[in-house]
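sequence and computational prediction follow.
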Amino acid sequence: MDYLSIESLQVSYVQDNQITPALKNFSLSLPFGSIGVIIGPSGCGKSTLLNVLAGLNQIYQGTVLINGKSPKECCATALILQEYGLLPWKTVWDNVRLGLQIRGFSKKETVLRTEKILNKLGLLYLRKRYPAQLSGGQQQRIAIARSLVLEPELLLMDEPFSSLDALTREEMQDFLLELWHETNLTILLISHNIEEAVFLGQKIFVMSECPGTIIKELSNPLAGDYSARGKVEFLEITNSLRSSLRGLN
Amino acid sequence: MNQRDLIQKSFYTLTAVVILIAFWYLLSLILNTPALPTPLAAFKSFFELFTSELMSHLTISFYRVGVSLVIATVLGVPLGLFLGKNKRADEFSAPLIYMTYPVPKVVFLPIFLILLGIGNLSKIVLITLIIFYLILVTTRDAARNLPKEYVVSVKSLSANELELYQHVYFPACLPAILTSLRLGLGIAMSVLFLVETYATQEGIGYFIMNSWSSLSYDKMFAGIIAMGLMGFLLYLLLDACEKVLCSWVHL
């Protein structure tokens, strides 16, 4: 059974008194413990999809099931945003423990879990700093720590590395793979970067322009292979994806 | 703030005080009138009167400004946050705020004196009303312009409405709130002087005007120094609050 199952999803927005569809007839499925990457043109409704999956947008038609539950009932998801979503007025420690605090964990449990995750990711030495005192890569690691501390089953990532420079981006991709190998996380990542999609995504979904729907689904045998970036097959898949995306423009 | 910064800041403050006093001294020499005594005469009078007369007037003035600032903050901040967060409520209230905000509230002083009496209440209500608007509008605008990503990221952690105010809206708007309080303080001191010159025999405003009418200019300037110092100390207090509560802004 698929861990994430979306069928005939339709989401619309009211804009200037007109109903604008953002997603139409959108279907997707992802097995437990896999990485799916969604790639598509700007404004095709990718972020709308993540809002639905994170339970932030509950007005939709169609079926969305995460481990058999609706996004509202399922609290095993965590969302990571493009601009990290860290609160500038909270220290690293306070940012990471925020989710636990909100979900009503005891003080002792909160301290234990926060310390454990920061230690695991090698970030404990940054605990007293504010986000403005961190590099882009460090901020994204903290955002990941803030999500992982909740021990989610499904990690939703909205263009998480797009603000980073090329080298840091590759570092972070490796870091995410390491994390994925260590945990049983199911990851759904949105990206604009074709190489990133091929490096990380076991399943790659290409979306159409707005209203967004899946127009191509690709199973990628190279995903999770650290040495994939230099292989000929890697280039072939990226070229194939590039052609699919060009066909949209 | 490290020791070097502290020394530098103290030096700049001292320099400003010296420049102000030198300017005052020169002006008093040039004008050569009893209406503008030298700084020495004014400060002498200030220290002589501080415990005997000034203290009681200062206490009552401080009470009026302090209570007004607290009430205006307690009312203005939650309402401003609510309006900034809720688009519909903001749209509904906007015309009312825009119509009443530019009206100079001091014109209501006679009405307040009639309705609320000549005691502290009428003065506190007038000062509160003026600062309230400033805090309300500043807080609302700060909440309205808050980057959406902060709200989305905390909402995704299952935060409810109250937690959004606690973890996002209030701390994000705190620098703007403190700025509006500092601006409000300046206005409050001006209004305080005005309200204390009518129908009262208490307060530093009354003390200044009473000294003026009895031609005791040294005494009048002692009152001006006292009022200036009170404003300056309150300003420093708000400044310290900002340094402690919004340390992340100064990184």
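Sure thing, it's come through.

what does stretch B:42-62 rub up against?
The contact list for stretch B:42-62 (C-beta atoms under 8 Å, 6 or more residues apart in numbering or on different chains) reads B:37, B:120, B:192, B:196, B:202-207, B:218-219, B:221-227, B:230. Placement of C-beta: from N, CA and C, glycine included.

what residues of stretch B:141-161 count as buried?
Using 16 or more other C-beta atoms under 10 Å in any protein chain shown as the test for burial, stretch B:141-161 gives B:141-144, B:146, B:149-159.

which one of the residues you listed is nearest to chain A?
Each of the buried residues of stretch B:141-161 was scored against chain A by C-beta to the nearest C-beta, and B:S153 proved nearest at 2.7 Å.

ok, now how distant is the closest one from A:I144?
Distance, B:S153 to A:I144, using C-beta to C-beta, to the nearest Å: 13 Å.

list the buried residues for the helix or strand where B:F11 lies?
When secondary structure is defined by DSSP states H and E, B:F11 falls within helix B:3-31. For helix B:3-31, the neighbour count (16+ other C-beta under 10 Å) marks B:24, B:28 as buried.

now do stretch B:219-227
B:219-227.

now, the most widely separated pair of these?
B:K219 and B:M227 (12.9 Å; C-beta to C-beta).

which of the buried residues of stretch B:219-227 fall within helices?
Mapping the buried residues of stretch B:219-227 onto helices (DSSP state H) picks out B:219-227.

related to what we said a few turns ago, could I get the buried residues of stretch B:219-227 in CSV, plus columns for pLDDT?
Shown next, in CSV, are those (pLDDT from 0 to 100):
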residue, pLDDT
B:K219, 91
B:M220, 93
B:F221, 94
B:A222, 93
B:G223, 94
B:I224, 94
B:I225, 94
B:A226, 93
B:M227, 92
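
what's the closest of those residues to chain A?
Distances from chain A to the buried residues of stretch B:219-227, taken by C-beta to the nearest C-beta, are shortest for B:M227, at 34.8 Å.

burial count for residue 81?
Answering for chain A, as no chain was given. 22 (other C-beta atoms under 10 Å in any protein chain shown).

that's the other chain; I wanted chain B
So B:L81, with other C-beta under 10 Å, has 25 neighbours.

how about the residue of chain A found nearest chain B: what's its closest non-neighbour residue?
For chain A, the residue closest to chain B is A:G85, as judged by C-beta to the nearest C-beta, at 2.7 Å. With sequence-adjacent residues excluded and distances taken as C-beta to C-beta, 6 or more residues apart in numbering or on different chains, A:G85 is closest to B:S153, at 2.7 Å.

spell out which parts of chain A neighbour chain B.
Within chain A, the positions lying close to chain B (C-beta under 8 Å from any C-beta of the partner chain) are A:51, A:54-56, A:75, A:77-79, A:81-90, A:98-99, A:102-103, A:130, A:132-133, A:146, A:150.

kindly recompute the last result at 6 Å.
Contact residues, chain A versus chain B (C-beta under 6 Å from any C-beta of the partner chain): A:54, A:56, A:79, A:81, A:83, A:85, A:87-89, A:99, A:102-103, A:130, A:132-133.
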